[in-house]
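Chemist: Got a sequence here, can you model it:
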Amino acid sequence: MEALYSLFRNPARVACFSIDLTVTFGVEVGSGRSLANRLASALVAADEAAHDGLKWKYHDPESLEDASWKLSMLSQLDEAIDRGEVWVAYQPKLDVATRRIIGAEALARWTHPEKGPIAASEFVGAAEQHNRIGKLTDFVLEKAVAGAAQINKRGIHFDVAVNLSARSLTDKGFTLRLSALLARHGLAPNCLTLELTETAALADSGEALDMITRLRDLGVNIAIDDYGTGQSTLDYLKRIPANEIKIDQSFVKGIVDNRSDRLMVQSTIGLAHSLGRKVVAEGVEHRDILDLLAEFKCDIAQGFAVGRPMSLESLAKRLASGRRRSAA
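Modeler: Modelled structure (predicted):
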């Protein structure tokens, strides 16, 4: 294989052109399977070698199981939603000034009966990539809006935030469905925040911006998620009609020890406030980070120092307990 690899390093001559070639090899050994199956395994290994920048790679039987899982994951996800395997966790959001829980972000969770908990980054990312995110988005919105309405009806003002995929920004029926959902559960539109990643909001500057404007007209809040990791320009902030900015945790986590992160967060808070936007800091894992954010006049904090993602029941108990302490 070393010799073959060296051979293919030489360019191929086609007519008057000299074309550079790249080759990777996949190897399957010691299997009693049919030749066609062994060849397929070798091709999988060759693809993995190319992806990893290697000359060759041996076939790993577990990789076929992983490939099979990935191929069927999205169809299983749709079925899992219907079977109740997918549920929604709520990560509390803290008003930094008053130190009270004022809302939560709704997060999709999937507990597979055989594989156990599936990482959200795995199934949500795959659903977005293959345009299968609609059913999951509708499911999370239904649960989040119903949960927030339930808490608000107890006399506790509570906001809920839901991530919105770029795919939904091109769904012409989305605004109508969302309006009907809010009305059905009796939740005021301003109690719902839809979080957009920077790249999602910019994916289609015309159609996407029109959709965001319609959502704002409906009374829903719009947040720019993961701020600082993409095209964070003044022009971008000016064009996106957002109510709040969420500073990415990669910056927030380092503000105590890293001067650059501290300056970036502090200046972003000042800029957002000057534009009339609230600021949410995510990834707040320690009390000293929370204290610095209070010093910077950050509006809302989210992270393990505030609370880990939890069930709606657990969150409702925490809210009720906090309310009793305040009354006392």
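Chemist: T22 should be in a strand, yeah?
Modeler: No. According to DSSP: H, G, I helix; E, B strand; the rest coil, T22 belongs to no strand; its state is coil.
Chemist: Give me the number of neighbouring residues for it.
Modeler: 8 (other CB atoms under 10 Å). Where you see a C-beta, it was placed from the backbone N, CA and C, and this is true even at glycine.
Chemist: Tally up the residues packed near R154, please.
Modeler: By other CB under 10 Å, neighbour count at R154 equals 11.
Chemist: Ramachandran coordinates for it?
Modeler: phi -90, psi 10 (degrees, to the nearest 10).
Chemist: do you know how far it is from L319?
Modeler: According to CB to CB, to the nearest Å, R154 and L319 sit 8 Å apart.
Chemist: Check V265 too.
Modeler: For V265, the distance to L319 - CB to CB - is 28 Å.
Chemist: Looking at those two now, which is surrounded by more residues?
Modeler: V265 (25 against 19).
Chemist: That one looks like it's in a helix, true?
Modeler: Yes. The assignment for V265 is a helix, going by three-state DSSP.
Chemist: so who does it touch?
Modeler: Shown in contact with V265 (CB atoms under 8 Å, 6 or more residues apart in numbering): I247, F251, V252, I255, A281, L293, F296, C298.
Chemist: now do A89
Modeler: A106, L107, R109, P309, M310, S311.
Chemist: Could you identify the helix or strand that succeeds the lowest-mean-pLDDT helix or strand in the chain?
Modeler: Lowest mean confidence among the helices and strands of the chain (mean pLDDT, DSSP states H and E): helix 198-202, at a mean of 56. Sequence-wise, the next helix or strand downstream of helix 198-202 (DSSP states H and E) is helix 207-218.
Chemist: That next one: which residues count as buried?
Modeler: Residues of helix 207-218 classed as buried by neighbour count (16 or more other CB atoms under 10 Å): A208, L209, M211, I212, R214, L215, R216.
Chemist: same question, stretch 216-229
Modeler: For stretch 216-229, by 16+ other CB under 10 Å, it's R216, V220, N221, I222, A223, I224, D225, D226, Y227, G228.
Chemist: Can you tell me which of the residues you listed is nearest A144?
Modeler: Nearest to A144 among the buried residues of stretch 216-229: V220, at 12.2 Å, using CB to CB.
Chemist: Which ones among the contacts of V265 lie within helices?
Modeler: Among these, DSSP state H puts F251, V252, L293 in helices.
Chemist: Run through the residues that contact D95.
Modeler: Taking CB under 8 Å, 6+ apart, we find D95 in contact with I101, I102, D299, I300.
Chemist: go on, A320?
Modeler: A320 sits in contact with R154, I156, where contact means CB under 8 Å, 6+ apart.
Chemist: which of the contacts of V265 lies closest to D78?
Modeler: Taking CB to CB as the measure, D78 sits nearest to I247 out of these, at 33.9 Å.
Chemist: rewinding a little: of the contacts of D95, which is the most crowded?
Modeler: I300 (24 neighbours).
Chemist: Check what pLDDT that residue gets.
Modeler: Listed pLDDT for I300 reads 98.
Chemist: which residues does it bridge with?
Modeler: I300 has these beta-bridge partners by DSSP bridges: D95, V280.
Chemist: What distance do you get for it to N37?
Modeler: Taking CB to CB, one finds I300 at 54 Å from N37.
Chemist: and what of S260?
Modeler: 53 Å.
Chemist: can you give me the helices in the stretch 101-250 of the chain?
Modeler: Along the stretch 101-250 of the chain, counting by DSSP state H, counting those that start in this stretch, helices occupy 120-129, 134-152, 174-185, 198-202, 207-218, 234-239, 249-252.
Chemist: Dump these to a markdown table, plus distance to V86.
Modeler: Conversion of the helices of the stretch 101-250 of the chain to a markdown table gives the following (distance: least, CB to CB, whole Å):
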| stretch | distance to V86 |
| --- | --- |
| helix 120-129 | 9 |
| helix 134-152 | 7 |
| helix 174-185 | 18 |
| helix 198-202 | 21 |
| helix 207-218 | 24 |
| helix 234-239 | 33 |
| helix 249-252 | 24 |
